[in-house]
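Trainee: need coordinates for the following:
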Amino acid sequence: MAPKLPVVVPRRKPPSRPADAPVRGLMVDIGGGRRLRVVIEGERMGQPLVVCEAGAFGTGADYAAIQAALSPRMRVLAYDRAGLGYSDPGPEPRDSRAITDDLNALLNTLGEDPPYILVGHSMAAVHVQVFALRWPETVKGVVLLDAIPAEALSQPAVIRFVKGVTPGARAVRVASSMFLTAASAPVFGDAIGLSGAPHEEKLRAFASPQHNHWAAEELALWLQDGEEARALGEFDRELPVAAVTAGRASASWRRMQAEPAHHSRSGYAENAPRAGHASLLGPKHCEAAIRAIDYVMRAALASG
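Mentor: Numbering: from 1, shown residues only. Down below sits the predicted model:
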């Protein structure tokens with residue numbers, strides 16, 4: 001049975017639960033009849049809201065294990081970006097500015113006031129940075145999970161990496177449009193290692209032509225998103241930042257990933273050598289992510 005969500009008090013239109021809504025969470029109209037799916041667990045208890053942003057081709061389901069672990073002591077929000085998972089598509093281009101506009105509208109519609117702690121996995125580091133620099137007064141901390149920071153997206157090796165994964169994203173979009181991903185979803189659809197409804201959501205997204213189309217559109221703008229973020233500047237050195245890396249990548253690659261944490265006066269960095277890029281979020285390997293979020297929460301509360 002899906003957990004009962006706490007009641008939220010909206011500022012504008014109330015969240016709706018139409019017949020086509022997912023089992024978990026709510027479909028929230030953020031304006032103009034366009035809906036995003038959101039899953040909220042836990043209570044605020046005088047703390048910042050933890051806001052989770054999924055990586056490339058991810059959805060709010062990616063954070064199900066982390067939400068389950070944290071919700072007894074803090075309030076955690078995860079959602080599907082426009083066009084992904086259960087959410088309605090949004091206007092193009094689907095760059096970081098459009099994505100953060102949607103997230104800001106979602107938080108306002110739900111009546112979830114700041115402050116926030118932002119958590120970004122993988123590609124979502126750039127979205128998190130753009131949000132934190134556009135609305136700095138609302139953000140009390142940042143957690144990056146096996147992510148590539150915006151500053152690194154100007155480095156030749158990282159540019160080659162991004163350009164190398166882009167054709168694969170296009171291939172997934174084409175395969176999905178031909179319904180080829182549906183057959184392989186039970187095998188490849190959930191690298192995180194979830195169970196129950198979140199696992200089924202991952203398989204559904206993996207098979208969905210709409211999800212894969214818009215996920216590929218996002219990924220194609222990754223380098224441009226890095227430019228947007230760098231144009232806004234770096235994280236404030238007083239902002240608590242934690243970075244968790246996964247696997248046994250080279251020391252130089254891990255340093256690059258952890259640079260925002262080293263830049264912070266209240267930084268925290270950890271490597272989870274047994275975790276994979278996706279399984280870092282899952283029930284078997286999410287302990288490092290939990291420690292990072294706990295650290296940033298404590299630092300945020302200590303800073304007032």
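
Trainee: what are the ranges of the strands in the stretch 1-150 of the chain?
Mentor: Across the stretch 1-150 of the chain, reading from the start of the chain, the strands by DSSP state E, counting those that start in this stretch fall at 26-29, 35-41, 49-53, 76-79, 116-121, 139-145.

Trainee: which strands or helices does the first one pack on?
Mentor: Based on contacts counted as 3 or more Cβ pairs under 8 Å, 6 or more residues apart in numbering; DSSP states H and E, the elements that strand 26-29 packs against are strand 35-41, helix 96-110. To be clear about C-beta, it is placed using only N, CA and C from the backbone, and glycine gets the same treatment.

Trainee: now the helices for the chain?
Mentor: Ranges of helices within the chain are 64-70, 96-110, 124-134, 156-177, 181-188, 196-207, 209-219, 222-232, 251-263, 287-302, based on DSSP state H.

Trainee: circling back to that earlier point, okay if I get the strands of the stretch 1-150 of the chain as CSV plus distance to residue 268 and mean pLDDT?
Mentor: Putting the strands of the stretch 1-150 of the chain into CSV (distance: least, Cβ to Cβ, whole Å; pLDDT from 0 to 100) gives the following:
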stretch, distance to residue 268, mean pLDDT
strand 26-29, 32, 96
strand 35-41, 24, 98
strand 49-53, 15, 98
strand 76-79, 19, 98
strand 116-121, 13, 98
strand 139-145, 9, 98
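
Trainee: turn these into JSON lines, including distance to residue 238 and mean neighbour count.
Mentor: Converted to JSON lines, the strands of the stretch 1-150 of the chain look like this (distance: least, Cβ to Cβ, whole Å; neighbours: other Cβ atoms under 10 Å):
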{"stretch": "strand 26-29", "distance to residue 238": "32", "mean neighbour count": "20"}
{"stretch": "strand 35-41", "distance to residue 238": "28", "mean neighbour count": "25"}
{"stretch": "strand 49-53", "distance to residue 238": "20", "mean neighbour count": "26"}
{"stretch": "strand 76-79", "distance to residue 238": "24", "mean neighbour count": "26"}
{"stretch": "strand 116-121", "distance to residue 238": "15", "mean neighbour count": "26"}
{"stretch": "strand 139-145", "distance to residue 238": "10", "mean neighbour count": "28"}
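
Trainee: got those strands as JSON lines, with distance to residue 295 columns?
Mentor: As requested, these are exported to JSON lines (distance: least, Cβ to Cβ, whole Å):
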{"stretch": "strand 26-29", "distance to residue 295": "30"}
{"stretch": "strand 35-41", "distance to residue 295": "20"}
{"stretch": "strand 49-53", "distance to residue 295": "12"}
{"stretch": "strand 76-79", "distance to residue 295": "15"}
{"stretch": "strand 116-121", "distance to residue 295": "10"}
{"stretch": "strand 139-145", "distance to residue 295": "8"}
